[in-house]
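# sequence and predicted model, in that order:
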Amino acid sequence: MLLASFFFALMNVTVKFLPHIPAIEIILFRSVFSFIFSFLILKRQGVPVLGNNKKLLITRGVVGSIGLITFFYTLQNIPLASAVTIQYLGPIFTSILGIFIVNEKVRPIQFFYFAIAFSGVLMIEGFDSRIDPLFLGIGVTSALFSGLTYNVIRKLKNTEHPLVIVFYFPLVTIPIAGVLSYYFWITPEGWDWLLLLLIGILTQFAQYFMTMAYQNANLAKVASLNYIGIIYALGFGFVLFNETYNIWTYAGMLLVLSGVIMNLFNSRRGRIN
């Protein structure tokens, strides 16, 4: 999961370097690369590319597609660290939805920690004029669908190869992104092509390591490790994009991290007890 977080952080930075390319178009290029790469590896390893539980695999593709499209829009329209922090509500939704989807237990005190994390997001939006309420809502929607995605991945734990799960994401996303890109198309130029290729490569590594993590460990524990990415986002945002924040925005980020970290330690203690 630590490897996945690092590769996702690099991918986020690369997306920020392409503000003139529509988000849906970036996703289309990314999905085409992932489709080809995953297909070739699966064929080479002799793994059936369509998997076993096709209904659930298609569901993974749909919810993952919605989550990524909404996240890329927030990445392009609000500061990097803020976009990443809002997206990191995903593990909270993962834990809550896990109660109903994979029958994982959540202790009552953990809901208090969830509330702390949500209050942090509200503080970030309230004290940063660069964050439009519309994009806050889109960011929260992205986090919700990320939580759904992680739970679907967990349900596929015993039936599917990790790359088959990764493969279904572009399989479902390419038709959706292809149709939408037709209406917003901007032809990439020069270095744009290299950056688009880099997004595909970084995402492929990140998706693979993330899928392995969610298939083989407790959801709350693994999801919480995602939050190291906020450190990457703050650093990259400051150095590469000259992004700074006021004290209240930093306090909001701290609340989000505190809520998740407390949830992580509480879930560990619950398993020990």
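Sure, I can see it.
# quick one: buried residues of whichever helix or strand residue 214 is part of?
Residue 214 is located in helix 191-216, with elements delineated by DSSP states H and E. Neighbour counts over helix 191-216 (16 or more other CB atoms under 10 Å) mark 192, 195-196, 198-215 as buried. All C-beta atoms are positioned from the backbone trio N, CA, C, and that covers glycine.
# quick one: contacts for residue 190?
Going by CB atoms under 8 Å, 6 or more residues apart in numbering, residue 190 touches no other residue.
# all helices of the stretch 101-250 of the chain, in order?
Along the stretch 101-250 of the chain, counting by DSSP state H, counting those that start in this stretch, helices occupy 108-127, 133-155, 162-184, 191-216, 219-225, 229-241, 247-272.
# what angle sits between the third one and helix 133-155?
Angle, helix 162-184 to helix 133-155, by axes from the mean of the first three to the mean of the last three CA atoms, to 10 degrees: 150 degrees.
# what is helix 162-184 packed up against?
In this structure, helix 162-184 makes packing contacts with helix 23-45, helix 54-77, helix 191-216, judged by 3 or more CB pairs under 8 Å, 6 or more residues apart in numbering; DSSP states H and E.
# show the average pLDDT along the longest one.
Translated: helix 191-216. Per-region confidence: helix 191-216 scores 85 on mean pLDDT.
# what's the angle between that helix and helix 133-155?
Between helix 191-216 and helix 133-155, the angle comes out at 50 degrees (the same axes, to 10 degrees).
# quick thing: my sequence starts at 71, can you match it?
Fine by me, first position is 71 from now on; the one you just mentioned is helix 261-286.
# distance from the chain centre to helix 261-286, please.
Between the centre of helix 261-286 and the centre of its chain there are 11 Å (CA atoms, centre = their mean, to the nearest Å).
# returning to that earlier point: the helices of the stretch 171-320 of the chain: which one's closest to residue 109?
Between residue 109 and the helices of the stretch 171-320 of the chain, the tightest spacing by CB to CB is seen for helix 232-254, at 6.6 Å.
# average pLDDT for the closest one?
Per-residue pLDDT values over helix 232-254 give a mean of 91.
# could you do stretch 195-214 as well?
Averaged across stretch 195-214, the pLDDT comes to 87.
# give the buried residues for it.
Within stretch 195-214, the residues that qualify as buried are 195, 197-198, 201, 205-206, 208-214, counting by 16+ other CB under 10 Å.
# and which of those residues is nearest residue 237?
Within the set of the buried residues of stretch 195-214, residue 212 lies nearest residue 237; the separation is 21.7 Å, counting by CB to CB.
# list the residues that contact that closest one.
Residue 212 sits next to 136-138, 140-141, 144, 156-157, 160 when contact means CB under 8 Å, 6+ apart.
# farthest-separated two in these?
It's 136 and 156 that sit farthest apart of the contacts of residue 212, by CB to CB, at 15.6 Å.
# the two - which one has more neighbours?
Under the criterion of other CB atoms under 10 Å, the comparison of residue 136 against residue 156 puts residue 156 first, with 28 against 19.
# surely the more buried one meets residue 214?
No - Residue 156 is not in contact with residue 214 according to CB atoms under 8 Å; the separation is 11.1 Å.
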